[in-house]
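K.L.:
Kindly generate the corresponding structure for this input.
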Amino acid sequence: MAARALWKGAISFGLVHIPVEMYSAVQEHELDLTMLDRRDFSPVGYKRYNKNTGKDVTWDDIVKGYEYQDNEYVVLSDEDLKRANVEATQTIDILAFVDAADVPLTYFEQPYYLAPSRGGAKVYALLRETLRKAGKIGIATVVIRTKQHLCALVCDEDKIVLNTLRYANEIRSAEELKLPPATLKAAGISDKELQMALSLVEGMSEPWKPEQYHDTYKDDVLALVKKKVKAGQTKTITAAEPESKAAKSSNVVDLVALLQDSLGKRPAPKRRRSKAAA
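P.N.:
This next block holds a predicted model:
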């Protein structure tokens with residue numbers, strides 16, 4: 001793999017240690033927007049400075065500190081942070097195995113690829129195939145930089161993916177949300193409405209092909225940029241207001257009508273030709 005490993009250590013699996021390297025599984029493609037001073041369009045910069053003297057500070061002179069009481073700090077070097085728990089900083093410690101369906105999607109954060117280090121291919125394959133056959137994911141802890149993360153080890157085709165998880169106390173309660181009742185009758189949904197909605201889902205169902213989806217909003221912004229460039233820097237181009245996809249109505253929504261409209265917009269299924277009568 002051409003990418004540089006973000007972390008090197010081992011997966012602790014019972015008494016088995018699997019040497020692995022961690023790589024980022026995602027790459028960002030965000031718009032690269034520069035902050036400018038509206039008065040002369042000069043780029044806005046930020047600098048590191050000493051809040052007491054006002055003088056600039058170089059990276060070489062910056063250290064990390066923990067404020068244990070007001071204005072009193074303990075300086076912690078990278079080596080200090082590592083020595084605090086050497087094993088934790090070098091080990092992905094599997095704590096349990098659970099069914100993937102038991103972990104709500106709200107807990108999942110960032111995915112990373114795990115690849116075996118030298119001499120670890122066989123035991124790596126053993127864990128991967130064990131996860132596959134058991135239909136489980138491993139729940140583990142790992143220290144990345146200065147934070148211990150809860151994480152899930154997931155078998156994904158021929159690789160093991162480490163997905164960091166949020167801790168339970170990081171998930172906000174949904175009790176304050178005003179949600180409709182959990183039953184169809186209590187929510188006021190008729191059988192007809194449900195069946196039409198199911199028909200719509202069935203008509204829109206297709207195999208998962210992630211490559212067919214992309215950031216269309218980014219394309220729209222770049223098109224606007226191109227239009228502005230063509231018009232000249234001093235000319236302001238006003239973006240057209242998008243047309244509303246649904247007409248404004250009262251609080252009473254004709255759900256059947258909306259579903260019928262949606263069903264009508266999808267391509268009609270091809271009918272088989274009937275055999276000619278003898």
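
K.L.:
could you point out the longest helix in the protein?
P.N.:
helix 216-231 (DSSP state H).

K.L.:
Would you mark the buried spots in the helix or strand that that helix is followed by?
P.N.:
With elements assigned by DSSP states H and E, the helix or strand that comes after helix 216-231 is helix 255-265. Residues of helix 255-265 classed as buried: 255, 258, 259 (neighbour count, 16 or more other C-beta atoms under 10 Å). Quick note: C-beta positions are derived from backbone N, CA and C, even for glycine.

K.L.:
ok, residue 92 - how many residues close by?
P.N.:
26 (other C-beta atoms under 10 Å).

K.L.:
and stretch 172-179, average pLDDT?
P.N.:
Per-residue pLDDT over stretch 172-179 has a mean of 90.

K.L.:
How far off centre is that stretch?
P.N.:
Put simply, stretch 172-179 sits 22 Å off its chain's centre (C-alpha atoms, centre = their mean, to the nearest Å).

K.L.:
pLDDT weak spots in the stretch 101-250 of the chain?
P.N.:
Applying pLDDT under 70 to the stretch 101-250 of the chain flags residues 233-250.

K.L.:
ok so, going back, what is the longest helix of the chain packed up against?
P.N.:
Contacting helix 216-231 under the criterion 3 or more C-beta pairs under 8 Å, 6 or more residues apart in numbering; DSSP states H and E is no other helix or strand.

K.L.:
Need the phi and psi values for the residue lying closest to residue 89 once chain neighbours are set aside.
P.N.:
Leaving out its chain neighbours, the residue that sits closest to residue 89 by C-beta to C-beta, 6 or more residues apart in numbering is residue 143, at 4.6 Å. When read as degrees, to the nearest 10, the backbone of residue 143 gives phi -100, psi 120.

K.L.:
how many other residues sit next to residue 143?
P.N.:
So residue 143, with other C-beta under 10 Å, has 21 neighbours.

K.L.:
hey, what's it bridged with?
P.N.:
Beta bridges link residue 143 to residue 148, judged by DSSP bridges.

K.L.:
Just confirm it contacts residue 151, I think it does.
P.N.:
No - taking contacts as C-beta atoms under 8 Å, residue 143 lies outside contact range of residue 151: 10.5 Å.

K.L.:
Which residues are in contact with each of these two?
P.N.:
With contacts defined as C-beta atoms under 8 Å, 6 or more residues apart in numbering, no residue is adjacent to both residue 143 and residue 151.

K.L.:
Can I get stretch 103-113 in PDB? Just the C-alpha atoms.
P.N.:
Provided in PDB are the C-alpha atoms of stretch 103-113 (Å, rounded to 0.1, in the frame of the first residue of the first chain):
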ATOM      1  CA  VAL A 103     -24.600  -1.700  17.400                       C
ATOM      2  CA  PRO A 104     -26.700   1.300  16.300                       C
ATOM      3  CA  LEU A 105     -25.400   3.300  13.300                       C
ATOM      4  CA  THR A 106     -25.100   6.400  15.500                       C
ATOM      5  CA  TYR A 107     -22.200   4.800  17.300                       C
ATOM      6  CA  PHE A 108     -20.000   4.500  14.100                       C
ATOM      7  CA  GLU A 109     -17.400   7.200  13.400                       C
ATOM      8  CA  GLN A 110     -14.300   6.800  11.300                       C
ATOM      9  CA  PRO A 111     -13.200   3.800   9.200                       C
ATOM     10  CA  TYR A 112      -9.500   2.600   9.000                       C
ATOM     11  CA  TYR A 113      -8.000  -0.300   7.100                       C
END
